[in-house]
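Colleague: Pasted the sequence and its predicted model underneath.
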Amino acid sequence: MNLARTNLFQQKAYINGEFVDANSKKTFPVFNPYTGEEIAQVADCGAEETKLAIAKAGDAFKIWKTYTATKRGKILRRWYELQLEHQKDLAQLLTIEQGKPMAEAVGEIRYGASFVEWFAEEARRAYGDTIPGHQKDKRILVIKQAIGVVGAITPWNFPSAMITRKVAPALAAGCTVVVKPSELTPLSALALAVLAQEAGIPPGVFNVIPTNKAASVGEELTSNPMVRKISFTGSTAVGKLLLRQCADTVKKVSMELGGNAPFIVFDDADIDKAVAGAIASKYRNAGQTCVCSNRIFIQAGIYDEFIQKFTAAAKAQKIGNGLERGITIGPMIEEKAVASVELLVEDAIAKGASLLCGGQRHGGAGSLIYQPTILGNANPEMKVFHTEIFGPVAPVFKFKTEEEVLAMANDTPYGLAAYFYGRDYARLWRVAEALEYGMVGINSFTVSTTVAPFGGVKESGMGREGSKYGMDDYLELKYMLWSGVE
Ligand code: SIN
């Protein structure tokens, strides 16, 4: 590791403005998924430290919520500037613990910082409302107030941006936060804590609890009555568990869960743009994002041409160590992730898919790099149709009509992102409206931007992150009825 700011590498928990050991003094290892080397021993916190962090966040809330929005915004702005100033170091840490190529890691740091910039500004726009009274002497006023202490449970695939996407709106609203980062990637979270401290975010307002005991920290966050809101990004299975756990204390929740994104290309599309889009959308972060294309549907008239160009482009990807210049696909996060992709590919081939490229690990057994893989002639009987693949595998399905492809695209409990390419204006509208997804890219391979509401429908979750709607998830409405205005 070659950081310009060496203190961005932190291995202790961040509670109430201080970097501290776990009470037990126990640590857990963090590995570089490309080399397999241990890169850190991080404080292994549990329920006790979580309880303390929640209590401190509760104390801090009493003060933080009274700051003017302008003051909170200025502190957030400083945090944003520091993230940009140290983006190279933050990106390097991210690549080392997560594996994604440096160019993507830098992109993630900027993307993550952009939420902090955005909500530093939005802090001042938590406007309320007045409503004409229902009786002559009545006046009605609606104000928005910070919910309170927030528990944020964040994933390994975006170790930095999924923290800022939750913490920035929460802090802007006046809430305080306890973050539990993934045990696979706690270093990016702790580096953000270093910069939060430097930016002047007061003690207790932002806390980071690294742990290898996700269940007990999650249990405390979801059962502690002082936590009024849980925001989670991760799998639908874990999201359902957290929802159940939150029920007893009736917490508000935001859930950004799994996806099964269709990527549809109609006969009249610009094929080269669609191919470039499919590559970017499928292989970003080695296929490990919840908005990656999961099922690629190509209309019959262009199927052969698309397949030929798509396969050539997949074969041209540069795979290897994300720290090296020009690499476009790095390792997957861990052995069980690669093993699960291997099983999906095996299943598809057994059910008639043709392997057009890839289909194995790069560098032999034990390597966590899975080659960019394309499966032709895919069909809905295959597990890849129903499962979130979360790896660099692209099953391609042939379709004839708009009705047929819409039925297949919507045939899933998920509803996060969908993409499609074409030119017929009326069809673009029809299809965009008919797709049962929270986000739809039309002639676009990405939907992720600070200024738009990110989130899903159906079993992909609830709540929205980013945009002018993003702060609502951290605010309560209070209505005041003024009476006796004679
Ligand atoms: C995710 O995979 O959870 C987020 C992806 C994104 O923000 O683009």
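Modeller: Structure's in. What do you need?

Colleague: How about the biggest helix by length in the chain and the ligand, touching?
Modeller: In the chain, with assignment by DSSP state H, the single longest helix is helix 102-122. No. Using C-beta under 6 Å from any ligand atom, helix 102-122 never reaches the ligand; the gap is at least 7.1 Å. For every residue, glycine as well, the C-beta is placed using N, CA and C.

Colleague: ditto for stretch 391-400
Modeller: No. Against the ligand, stretch 391-400 shows no contacts by C-beta under 6 Å from any ligand atom, the least distance being 13.2 Å.

Colleague: What parts of the stretch 251-400 of the chain come near the ligand?
Modeller: 256, 289-291.

Colleague: now the helices for the stretch 201-350 of the chain?
Modeller: Remark: helices assigned in the stretch 201-350 of the chain by DSSP state H, counting those that start in this stretch are 214-223, 236-247, 271-283, 303-315, 335-350.

Colleague: returning to that earlier point: if you rank the residues of the stretch 251-400 of the chain next to the ligand by neighbours, which is first?
Modeller: In terms of neighbours by other C-beta atoms under 10 Å, these top out with residue 256 at 28 neighbours.

Colleague: Nearest residue to it in space, please, no chain neighbours.
Modeller: residue 233 (4.2 Å; C-beta to C-beta, 6 or more residues apart in numbering).

Colleague: The one you found: neighbour count?
Modeller: 26.

Colleague: shouldn't it be in contact with residue 258?
Modeller: No. Residue 233 is not in contact with residue 258 according to C-beta atoms under 8 Å; the separation is 10.2 Å.

Colleague: Which strands and helices lie in contact with the next helix or strand after the longest helix of the chain?
Modeller: Going down the chain from helix 102-122, the next helix or strand is strand 129-131, by DSSP states H and E. Helices and strands touching strand 129-131, by 3 or more C-beta pairs under 8 Å, 6 or more residues apart in numbering; DSSP states H and E, are strand 139-146.

Colleague: in the strand it packs on, what's buried?
Modeller: 144, 146 (16 or more other C-beta atoms under 10 Å).

Colleague: Measure how far it is from the centre of its chain, please.
Modeller: 31 Å (C-alpha atoms, centre = their mean, to the nearest Å).

Colleague: partners of that strand, with directions?
Modeller: strand 129-131 (antiparallel), strand 475-482 (antiparallel) (DSSP bridges).

Colleague: and for that strand, what are the contacting residues?
Modeller: Residues from elsewhere that reach strand 139-146 (C-beta atoms under 8 Å, 6 or more residues apart in numbering): 61, 65, 126-134, 173-175, 474-482, 485.

Colleague: And the next helix or strand after it, how far out from the chain middle?
Modeller: Under the assignment DSSP H and E, the closest C-terminal helix or strand after strand 139-146 is strand 149-153. On the basis of C-alpha atoms, centre = their mean, strand 149-153 sits 15 Å off its chain's mean C-alpha point.

Colleague: give me the element residue 404 is part of.
Modeller: helix 402-409.

Colleague: Hey, what's the angle from the helix or strand where residue 194 lies to strand 149-153? Just curious.
Modeller: Using DSSP H and E, the element containing residue 194 is helix 186-199. Orientation check (axes from the mean of the first three to the mean of the last three C-alpha atoms, to 10 degrees): helix 186-199 against strand 149-153 gives 150 degrees.

Colleague: how far off helix 102-122 does helix 186-199 point, in degrees?
Modeller: Going by the same axes, to 10 degrees, helix 186-199 is angled at 40 degrees with respect to helix 102-122.

Colleague: Residues in contact with helix 186-199: which ones?
Modeller: Contacting residues not belonging to helix 186-199 are listed as 7-12, 14, 17, 19, 30, 39-40, 42, 75-76, 78-79, 81-83, 86, 89-90, 93-94, 96-98, 154, 159-160, 163-164, 179, 181, 206, 208, 210 [C-beta under 8 Å, 6+ apart].

Colleague: do the same with stretch 361-373
Modeller: Applying C-beta under 8 Å, 6+ apart, the contact partners of stretch 361-373 are 33-34, 36, 99, 282-283, 286, 314-315, 317, 319-320, 329-335, 337-338, 341-342, 345, 355, 357-360, 391-394.

Colleague: Just the buried ones among the residues you listed, please.
Modeller: For those, a burial check counting by 16+ other C-beta under 10 Å picks out 33-34, 99, 282-283, 286, 314, 317, 319-320, 329-333, 337-338, 341-342, 345, 357-359, 391-394.

Colleague: What segments of the stretch 251-400 of the chain are strands?
Modeller: Here the stretch 251-400 of the chain has its strands, by DSSP state E, counting those that start in this stretch, at 252-256, 261-265, 293-299, 354-357, 373-376, 393-399.

Colleague: Tell me who's in contact with the residue in the stretch 1-150 of the chain positioned nearest to the ligand.
Modeller: Ranked by C-beta to the nearest ligand atom, the top residue of the stretch 1-150 of the chain for proximity to the ligand is residue 111, at 7.1 Å. Listed by C-beta under 8 Å, 6+ apart, the contact set of residue 111 reads 161, 448, 450.

Colleague: out of everything not next to it in sequence, what's closest to the last one?
Modeller: Looking back up the chat, that one is residue 450. Spatially, and ignoring its direct neighbours in sequence, residue 450 is nearest to residue 114 (4.3 Å; C-beta to C-beta, 6+ apart).

Colleague: returning to what we had before: buried residues in the helix holding residue 194?
Modeller: 186-197, 199.

Colleague: can you tell if stretch 431-446 touches the ligand?
Modeller: No. Interface with the ligand: stretch 431-446 contributes nothing (C-beta under 6 Å from any ligand atom), its closest point being 7.1 Å away.

Colleague: Any buried residues in that stretch, and which?
Modeller: For stretch 431-446, burial by neighbour count (16+ other C-beta under 10 Å) applies to 431, 434-441, 445.

Colleague: residue in the stretch 301-450 of the chain nearest to the ligand?
Modeller: residue 448 (3.3 Å).

Colleague: would you say that residue is within a helix?
Modeller: No. Residue 448 is assigned coil when assessed by DSSP: H, G, I helix; E, B strand; the rest coil, not a helix.

Colleague: So what's the residue count around it?
Modeller: 18.

Colleague: what's the closest of the buried residues of helix 186-199 to residue 376?
Modeller: Closest approach to residue 376 among those (C-beta to C-beta): residue 188, at 37.3 Å.

Colleague: Nearest to the spatial middle of this protein, which residue is it?
Modeller: Closest to where the C-alpha atoms of the chain average out (C-alpha atoms, centre = their mean) is residue 162, at 4.8 Å.

Colleague: thinking it is in contact with residue 231, fair?
Modeller: No. Using C-beta under 8 Å, residue 162 is not in contact with residue 231; the gap is 9.4 Å.

Colleague: per-domain residue ranges of this protein.
Modeller: When the chain is parsed with automatic domain parsing, its domains come out as 6-258+460-479, 261-411+417-449.

Colleague: Could you check stretch 276-285 and say which residues are buried?
Modeller: By neighbour count with 16+ other C-beta under 10 Å, stretch 276-285 contains the buried residues 277-279, 281-285.

Colleague: which of these lies closest to residue 53?
Modeller: residue 285 (29.2 Å).

Colleague: leaving aside the residues next to it on the chain, what's closest to the closest one?
Modeller: Nearest residue to residue 285 in three dimensions, chain neighbours excluded: residue 100, at 5.1 Å (C-beta to C-beta, 6+ apart).
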